[in-house]
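Engineer: Following is a predicted model, sequence given first.
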Amino acid sequence: MQGVLSGFAVIAVVIAVGYGIGRRGSLGEQGREVLTRLAFHVATPALLFTTLARADLSVVFSTRLLVTAVSTAVAAGVFVAVGAVRRWGVGRTTIGALCSSYVNAGNLGIPIASYVLGDASLVAPVLLFQQIVVTPVALTVLDLTGAGDKRPLWQRLLTPLRNPIAVGALSGVLVSAAGLRLPGPVREPLTLIGNMSVPAVLLAFGISLRGSAAPGRGRDAHLVRLSVALKSVGQPVAAWALAAGVFGLRGAPLLDVVVTSALPAAQNLYTYASRYGVGESLAQESILLSTVLSVPVLVAVAALLG
């Protein structure tokens, strides 16, 4: 349990610092926007590139990845189906689907995998799938449905090649697939820049909480409740059913996939919502509530399957 609590404690402290910065106005009126842009355009692409460039791509063909992919699709698909019926709009539905299924595999998943599961590399399948498949698809949808986009269709379909996060992730995969080793003068500056990603995202998220209403009570309350229910309960239950019932996983492998699926929504989803100007309160409230609820959920999963 110590690993779970330690991971959450680190995140809570950094978010609290961001909240304090927001209350004091230390970074001015544009502080949150600058941090968000820094994370989206510079730091996160560098982090993904350096992480995936040294990843073992054999995990792409693992059972864990299949469980991750299907449970993600189930949770996101339920939200998309409800959003289509209720006519919530493509942008808000996309952000809500991400909040329902996109786990915090980086700044929370890595410490929990290290301390609870005993191996930080166990989050690699989730990280790879989210950054290679889910992120490019979701951001492309947001780009293609952006208001006032008058570009020809062929140019809009090439959007993933111009998205810095997608380019960073895919470039890292290509380097890893080619078996290349980055020289120190290239790797170390990129690593240094990438290290800004998680704190920038958390600080921006903390700043955004200043003056916010209680989560789950705003105009997107019904979207928030659905996304949090799917993320906190629906996705881990789907992962457990698939892993145990379909793939026959038991013991540590079963614990691994259920723990990673029970991680809360990732903070960088707020960065995406803010970048595209859609579903910002939905992302903010869903991330906050799913993070709070994931503590008892992860403790329960570890107690039942550990």
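Structural biologist: Perfect, I can see it now.
Engineer: Residue 244 reaches residue 250, doesn't it?
Structural biologist: Yes. Between residue 244 and residue 250 there is a contact under C-beta atoms under 8 Å: 7.2 Å. The way it works is simple: take the backbone N, C-alpha and C, and place the C-beta from them, glycine included.
Engineer: Please state the offset of stretch 293-302 from the chain centre?
Structural biologist: What separates the centre of stretch 293-302 from the centre of its chain is 18 Å, taken as C-alpha atoms, centre = their mean, to the nearest Å.
Engineer: pLDDT of that stretch, averaged?
Structural biologist: Stretch 293-302 carries an average pLDDT of 87.
Engineer: buried residues in that stretch?
Structural biologist: Across stretch 293-302, burial judged by 16 or more other C-beta atoms under 10 Å covers 293, 294, 297, 298, 301, 302.
Engineer: which one of these sits closest to residue 259?
Structural biologist: Set against residue 259, the nearest of the buried residues of stretch 293-302 by C-beta to C-beta is residue 301 (5.7 Å).
Engineer: Which elements pack onto the helix or strand where that closest one lies?
Structural biologist: Secondary-structure assignment from DSSP states H and E places residue 301 in helix 280-305. The contact analysis (3 or more C-beta pairs under 8 Å, 6 or more residues apart in numbering; DSSP states H and E) places helix 280-305 against helix 2-24, helix 90-101, helix 197-208, helix 221-229, helix 251-261, helix 268-276.
Engineer: As JSON lines, the ones you listed with mean pLDDT, mean neighbour count and distance to residue 124 would be great.
Structural biologist: Formatted as JSON lines, those follow (pLDDT from 0 to 100; neighbours: other C-beta atoms under 10 Å; distance: least, C-beta to C-beta, whole Å):
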{"stretch": "helix 2-24", "mean pLDDT": "82", "mean neighbour count": "17", "distance to residue 124": "17"}
{"stretch": "helix 90-101", "mean pLDDT": "95", "mean neighbour count": "26", "distance to residue 124": "18"}
{"stretch": "helix 197-208", "mean pLDDT": "87", "mean neighbour count": "25", "distance to residue 124": "17"}
{"stretch": "helix 221-229", "mean pLDDT": "94", "mean neighbour count": "22", "distance to residue 124": "25"}
{"stretch": "helix 251-261", "mean pLDDT": "90", "mean neighbour count": "22", "distance to residue 124": "10"}
{"stretch": "helix 268-276", "mean pLDDT": "88", "mean neighbour count": "25", "distance to residue 124": "17"}
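Engineer: Helices of the stretch 101-250 of the chain, start to end?
Structural biologist: For the stretch 101-250 of the chain, applying DSSP state H, counting those that start in this stretch gives helices covering 109-112, 124-129, 135-144, 153-157, 164-177, 184-194, 197-208, 221-229, 235-240.
Engineer: I'd like to check which residues are in contact with residue 258.
Structural biologist: Counting by C-beta atoms under 8 Å, 6 or more residues apart in numbering, residue 258 makes contact with 236, 239, 240, 243, 301, 305.
Engineer: no no, residue 77
Structural biologist: Residues in contact with residue 77 (C-beta under 8 Å, 6+ apart) are residue 97.
Engineer: got it, and residue 69?
Structural biologist: 129, 133.
Engineer: In this structure residue 209 contacts residue 20, no?
Structural biologist: No. Applying C-beta under 8 Å as the test, residue 209 and residue 20 come out as separate, 10.4 Å apart.
Engineer: Skip the chain neighbours and tell me the closest residue to residue 243.
Structural biologist: Distances taken as C-beta to C-beta, 6 or more residues apart in numbering place residue 249 nearest to residue 243, at 4.2 Å, with adjacent residues excluded.
Engineer: Just give me the neighbour total for that neighbour.
Structural biologist: Residue 249: 21 surrounding residues under other C-beta atoms under 10 Å.
Engineer: pLDDT at it, what is it?
Structural biologist: 91.
Engineer: Between its first and last residues, what's the separation in stretch 38-55?
Structural biologist: One end of stretch 38-55 to the other measures 24 Å (C-alpha to C-alpha, to the nearest Å).
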